[in-house]
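> following is a predicted model, sequence given first.
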Amino acid sequence: MPNPITKAVIPAAGLGTRFLPATKAMPKEMLPVVDKPAIQYVVEEAVAAGLSDVLMITGRNKNALENHFDRVAELEATLEKKGDLAKLQRVNESTDLADIHYVRQGDPKGLGHAVLRARMHVGDEPFAVLLGDDLIDERDPLLSRMIEEQAKRNATVVALLEVDPSQIHLYGAAAVEKTDDDDVVRITGLVEKPPADSAPSNLAIIGRYVLRPEVFDVLEKTEPGKGGEIQLTDALQTLASDDSAGGVYGVVFRGRRYDTGDKIDYIKAIVQLACEREDLGNDLRPWLQEFVGSVRN
């Protein structure tokens, strides 16, 4: 039986250049999505799937991440003194979420290199990787389904999403074979950001992975690929052809996903989540309909 998964790795060392100047002094992971920073949604997802040991791969100027998940005694005391217990509870939620550790990536050599920096913490056991640009709706659990498949097949598992073929060049694309499960495919090949006319499918890899520890040995030997970076996709391609490491499978996700990777998608994510909130949606939806109706092309 494979070892149970207890650890999640969250790469958070990127510069966030798409959101400058907002990210000049603030990590992009701390940009608010309604009233929580994006990174908190990701940690909450890991915890909901049973992973309370979280390692963040950070870089320079990322101190705000550590501060957010740490106690702020002065703020807590002020809220308690005012009797504002609802806000105090929300502040404490981020503090008590998980056992969070941090390691710096150092050289910005890509996602594969960031994952490799987790080796000492993870050790010789399977683990999950969650990327912060993809927020998965808590009503559509994806990570727990992936963990279930990893335990069942003792393999590496990635999340896949059907995208418009014209958009596949923005993602890693998977060549696949069907399995007996409708939402699970075996991956036979992976290509990082292929042109639409040469993509093996319109199944895109999104930011959730459940990896066997063999990925570390592969990453150690993986040469820089597209963009001069060590690509996790290239390492997964190697594992996909290695039956001794269990191969690579994909869980095809058909639930709600919010992309915070660029400005337009970030704004859409905020609007979607706010519209579905009980405390905000009833006021926001009518206003939004009125506003959209009043906008002239």
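It's in. Residues are numbered from 1 along each chain as shown.
> surely residue 49 touches residue 150?
No - using Cβ atoms under 8 Å, residue 49 makes no contact with residue 150, being 11.3 Å away. C-beta: built from backbone N, CA, C; applies to glycine.
> can you show me the strands along the stretch 1-150 of the chain?
Remark: strands assigned in the stretch 1-150 of the chain by DSSP state E, counting those that start in this stretch are 7-11, 32-33, 36-37, 53-58, 99-104, 127-130, 134-136.
> neighbours of residue 119, how many?
17 (other Cβ atoms under 10 Å).
> residue 15 too?
By the measure other Cβ under 10 Å, the count of residues near residue 15 is 15.
> neighbours of residue 63, just the number please.
Other residues close to residue 63 by other Cβ under 10 Å number 11.
> and the gap between it and residue 93?
20 Å (Cβ to Cβ, to the nearest Å).
> residue 180 now?
When residue 180 is compared with residue 93 (using Cβ to Cβ), they lie 40 Å apart.
> same deal with residue 58?
Taken as Cβ to Cβ, the span from residue 58 to residue 93 is 21 Å.
> neighbour count: those two, which is higher?
residue 58 (23 against 12).
> pretty sure that one contacts residue 14?
No - contact between residue 58 and residue 14 fails when scored by Cβ under 8 Å: they sit 9.9 Å apart.
> shared neighbours of the two, which are they?
Both residue 58 and residue 14 lack any common contact, where contact means Cβ atoms under 8 Å, 6 or more residues apart in numbering.
> okay, the residue nearest the centre of the chain: pLDDT?
When Cα atoms, centre = their mean is applied to the chain, the residue found nearest the centroid is residue 131 (2.4 Å). On pLDDT, residue 131 comes in at 95.
> can you give me the strands in the stretch 151-297 of the chain?
Ranges of strands within the stretch 151-297 of the chain are 156-162, 172-178, 184-192, 203-211, 248-252, 257-259, based on DSSP E, counting those that start in this stretch.
> how about the second one: buried residues?
Buried residues in strand 172-178, defined by neighbour count with 16 or more other Cβ atoms under 10 Å: 172, 173, 174, 175, 176.
> with the first one instead?
Along strand 156-162, the positions that meet the burial threshold by neighbour count (16+ other Cβ under 10 Å) are 156, 157, 158, 159, 160, 161.
> thinking the fifth one is in contact with residue 249, fair?
Read it as residue 160. No - using Cβ under 8 Å as the test, residue 160 is too far from residue 249 to be in contact (9.5 Å).
> which residues touch the residue lying closest to residue 133 once chain neighbours are set aside?
Spatial nearest neighbour of residue 133, chain neighbours left out: residue 261 (3.9 Å); criterion: Cβ to Cβ, 6 or more residues apart in numbering. Going by Cβ under 8 Å, 6+ apart, residue 261 touches 18, 133, 134.
> you'd agree the residue nearest to the centre of the chain is up against residue 232?
No - in this structure, residue 131 is not within contact of residue 232 by Cβ under 8 Å, at 9.7 Å.
> helices along the stretch 1-150 of the chain, start to end?
Assigned by DSSP state H, counting those that start in this stretch, the helices in the stretch 1-150 of the chain fall at 38-48, 63-68, 73-82, 85-96, 111-116, 119-122, 143-153.
> for residue 223, which of these is the nearest?
helix 111-116 (10.2 Å; Cβ to Cβ).
> take the closest one, keep the C-alpha atoms, and write them as PDB.
Provided in PDB are the C-alpha atoms of helix 111-116 (Å, rounded to 0.1, in the frame of the first residue of the first chain):
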ATOM      1  CA  LEU A 111       8.100  25.400 -11.400                       C
ATOM      2  CA  GLY A 112      10.100  22.100 -11.500                       C
ATOM      3  CA  HIS A 113      12.900  23.700  -9.600                       C
ATOM      4  CA  ALA A 114      10.500  25.100  -7.000                       C
ATOM      5  CA  VAL A 115       9.000  21.600  -6.500                       C
ATOM      6  CA  LEU A 116      12.500  20.200  -6.100                       C
END
